[in-house]
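Colleague: Predicted structure and sequence below. I'll ask about it afterward.
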Amino acid sequence: MQKKATGAFWKKKERRRQLVIGIWSFPKCVGRSRARALFSLPKNFPRLREKPIPSQSVKYQTFLIFGAPGSGKGTQGKILGSIPRFFHCACGDVFRSLDTRTPLGQAFLKYSSRGELVPDEITVKLWKVRIEDAVGAHVFKPDIDWLVLDGIPRNVGQAKLTEEIIDVKKVFHLSCPDRDALVARLKKRALKDNRFDDANEEVIRRRLATYEAESKPVLEYYGADLIEVIDATQPPVKVLAKILSTITGCNGNGNGQIHAYASAEAENFLA
Ligand code: ADP
């Protein structure tokens, strides 16, 4: 025979219901304590939520790959990013990964299809979120990894906005004064990588003009001591060899010891 529910039973059930409502509607009561209350878990039940990412305490030790569109930044960045203790982030890829139905995705389409830069505030915010996500996912470990950036900072405004976040150890300037060679490379890329912004020569020329007017002053901003000029018309492997040999001579300050591991990885790669 089924046991009849008594008044005490209903009272207990109601108390539990109210407890549940109360807990869920109290925003600060999240994670461990809420789960414990809901499911009557023991006090020593392991945490259900990851600890929040600690706010950035040291600047990210960074190498910048700098150059005109088509100079080979992405090629070099990808190779460097495949070496242990290097984390590569290309700003163009961050934009291209956006859903083009969102306002941000639409803004990217609008500016890039005209050969213009996306406004600085949006760009730096989006980029910062992407880097912090990588830190949170432990893909980029700032205390032991080098950050390799390509495509950002792309003007002096962005260099200033990122100053608090990154400590630039070297700027690799992939130099290619022959603009026609760059145009030819970009046209080839349009076919190979299906890049809509490379498909039209007029847009390509505008991007090169934007580079001259807005991006090049970044070199002056960082100063000659930080800049390593590399001939971008050389085969990619030679460009890489030059970058790696410079990196192996670099130790990050503050995290110098730790970053020496990354330099050693680069040396192994060279060997
Ligand atoms: P590129 O080979 O021209 O350097 P990217 O993939 O780096 O190509 O960038 C493609 C487009 O994305 C740019 O033309 C620009 O519209 C936008 N973009 C990328 N990075 C930035 C940035 N740091 N600031 C503003 N716009 C950017």
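Modeller: Okay, I see it. Numbering: from 1, shown residues only.

Colleague: in the stretch 1-150 of the chain, which spans are strands?
Modeller: 60-67, 86-90, 146-150 (DSSP state E, counting those that start in this stretch).

Colleague: how much does the last one deviate in direction from strand 60-67?
Modeller: What it means is strand 146-150. 30 degrees (axes from the mean of the first three to the mean of the last three Cα atoms, to 10 degrees).

Colleague: Could you point out the helix or strand that follows strand 146-150?
Modeller: helix 156-161 (DSSP states H and E).

Colleague: Please export the C-alpha coordinates of that following helix as PDB.
Modeller: Presented in PDB, the C-alpha positions along helix 156-161 are these (Å, rounded to 0.1, in the frame of the first residue of the first chain):
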ATOM      1  CA  VAL A 156      49.600  53.900 -33.800                       C
ATOM      2  CA  GLY A 157      46.200  54.200 -32.100                       C
ATOM      3  CA  GLN A 158      46.100  50.400 -31.700                       C
ATOM      4  CA  ALA A 159      49.800  50.400 -30.600                       C
ATOM      5  CA  LYS A 160      48.800  52.700 -27.800                       C
ATOM      6  CA  LEU A 161      45.700  50.800 -26.800                       C
END
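
Colleague: In CSV, list the C-alpha atoms belonging to the next helix-or-strand element following it.
Modeller: Reading on from helix 156-161 to the C-terminus, the next helix or strand found by DSSP H and E is strand 166-175. Only the C-alpha atoms of strand 166-175 are listed here, as CSV (Å, rounded to 0.1, in the frame of the first residue of the first chain):
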residue,chain,number,x,y,z
ILE,A,166,51.7,43.5,-24.5
ASP,A,167,55.4,43.9,-24.0
VAL,A,168,56.9,44.0,-27.5
LYS,A,169,60.3,42.3,-27.6
LYS,A,170,60.8,42.4,-31.3
VAL,A,171,59.0,43.7,-34.4
PHE,A,172,59.8,41.6,-37.5
HIS,A,173,59.3,43.9,-40.4
LEU,A,174,58.7,41.8,-43.5
SER,A,175,59.7,44.3,-46.1
